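Chemist: All I have is the shape, not the residue letters:
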């Protein structure tokens, strides 16, 4: 089969990816406005990087995007599982392969010859962002409806703990996005594959 004709990313995956990307962008920028308004941080995020204009507007954007990410993200995870893509693309993971790929990455020699195959660093990064997104949703539920989710509230260390967990998970997501965008710039065919599927 001609590899240029082979589908690398099916349509459902590409759709879910781009919907998640827009939802995350809205969540980040509105969330930064919420953090600014609540004096949770010892610094302010520039207004040009935030969404919503004021606390009420930011909350409306945040809650709207929250539902998009929760629903679309759940569909993404379920389809990854039932189609077998999760097992095929992200497992197995081995410490030996991870250390070898990390060493290659630090030396600028990590291969991207076949966009259909993820190296161990990519597998771990994508699995991490899936788990991190779940943590964001869980801690976000506690911040939104703390009384209604007492077990979740306890698991994340109470309301104040949820704020710290939510901010930490958001920061980790931003770091992932920065690295992800750098890698896309270094290997632009990955972007083409995520748009066209091939």
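Modeler: Now that the structure is in, tell me what you want to look at. Nothing here was measured: the structure is a model prediction, and the numbers come from that model.
Chemist: Buried residues in the helix or strand of the chain with the lowest mean pLDDT, which are they?
Modeler: Taking mean pLDDT, DSSP states H and E as the measure, the chain has helix 95-106 as its least confident helix or strand, at a mean of 85. By neighbour count on 16 or more other C-beta atoms under 10 Å, the buried set for helix 95-106 is 101, 105. C-betas here are computed from N, CA, C, even on glycine.
Chemist: who's in contact with the residue nearest the centre of the chain?
Modeler: What sits nearest the mean C-alpha location of the chain, by C-alpha atoms, centre = their mean, is residue 129, with 4.5 Å. Contacts for residue 129 were tallied using C-beta atoms under 8 Å, 6 or more residues apart in numbering; they are 173, 176.
Chemist: 6 Å instead?
Modeler: By C-beta atoms under 6 Å, 6 or more residues apart in numbering, the contact list for residue 129 reads residue 176.
Chemist: Quick check: buried residues in the helix or strand hosting it?
Modeler: Per DSSP states H and E, residue 129 falls inside helix 120-144. Of the residues in helix 120-144, 120-127, 129-130, 132-133, 135-143 count as buried by neighbour count, 16+ other C-beta under 10 Å.
Chemist: quick one: the strands in the chain?
Modeler: With DSSP state E, there are no strands along the chain.
Chemist: ranges for the helices of it?
Modeler: Assigned by DSSP state H, the helices in the chain fall at 11-38, 55-82, 85-90, 95-106, 120-144, 150-155, 158-186, 189-196.
Chemist: So which residues make contact with the third one?
Modeler: This points to helix 85-90. By C-beta under 6 Å, 6+ apart, the list of residues contacting helix 85-90 from outside reads 80, 118, 123, 127.
Chemist: So, low pLDDT: which residues of the chain?
Modeler: 1-5, 110-114 (pLDDT under 70).
Chemist: Now do stretch 159-179: everything it contacts.
Modeler: Stretch 159-179 is contacted from outside by 129, 132, 135, 136, 139, 140, 142, 143, 146, 156, using C-beta under 6 Å, 6+ apart.
Chemist: Quick check: the farthest pair among the residues you listed?
Modeler: Spatial extent of the contacts of stretch 159-179 (C-beta to C-beta) is set by the pair 129 and 146 at 25.6 Å.
Chemist: Next, the contact list for the closest residue to residue 119 other than its chain neighbours, please.
Modeler: Leaving aside its sequence neighbours, residue 119 sits nearest to residue 101 (C-beta to C-beta, 6 or more residues apart in numbering; 4.9 Å). When contacts are counted by C-beta under 6 Å, 6+ apart, residue 101 touches 119, 120, 121.
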